[in-house]
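1. 3D, please:
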Amino acid sequence: MSRLSPDARWSLLQDVVQASTQPGQPVPLFQAVDNALGGLVGHKLFSLTVLDQQSGEAERFYSNQPDAYPVSGRQMGTSKNLPFVAGF
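-> Presented below is the predicted three-dimensional model:
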């Protein structure tokens with residue numbers, strides 16, 4: 001549970017909405033979501049993966065640690081094609 005005040009949580013949400021209007025999408029939006037979730041629940045790694053359901057391949061689309069977890073390449077996704085959320 002977040003120890004942020006309701007005003008601070010609201011501010012994080014407003015930052016995400018504002019970021020969605022910035023040029024260069026989707027990176028500014030992803031960075032704002034990364035920051036907001038970091039403030040709300042905390043995390044070390046935030047990455048977004050796209051799954052091609054026809055080929056079964058997964059591709060990392062965003063990473064807050066691009067040196068360790070680069071945005072490149074494809075690999076076979078999960079056998080059930082279900083979303084994966086780590087750390088919970």
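2. looking at it, D34 is touching F46, isn't it?
-> Yes: contact status for D34 versus F46: in contact at 4.3 Å, counting by C-beta atoms under 8 Å. The C-beta positions use only the backbone N, C-alpha and C, and glycine is treated the same way.
3. got any residues that touch both of the two?
-> The contact sets of D34 and F46 overlap at Y62, N64 (C-beta atoms under 8 Å, 6 or more residues apart in numbering).
4. now stretch 21-35: buried residues?
-> Within stretch 21-35, the residues that qualify as buried are P28, L29, F30, Q31, A32, V33, D34, N35, counting by 16 or more other C-beta atoms under 10 Å.
5. now what about the helix or strand of the chain with the lowest mean pLDDT, what contacts it?
-> The weakest-scoring helix or strand in the chain, judged by mean pLDDT, DSSP states H and E, is strand 75-76 (a mean of 82). Outside of strand 75-76, the residues within contact range by C-beta under 8 Å, 6+ apart are G56, E57, A58, E59.
6. report the separation between A32 and P70.
-> When distance is defined by C-beta to C-beta, to the nearest Å, A32 is 21 Å away from P70.
7. and what of V17?
-> V17 sits 29 Å away from P70, taking C-beta to C-beta as the criterion.
8. so which of the contacts of strand 75-76 wins on neighbours?
-> Among the contacts of strand 75-76, A58 has the most neighbours (other C-beta atoms under 10 Å), with 18 neighbours.
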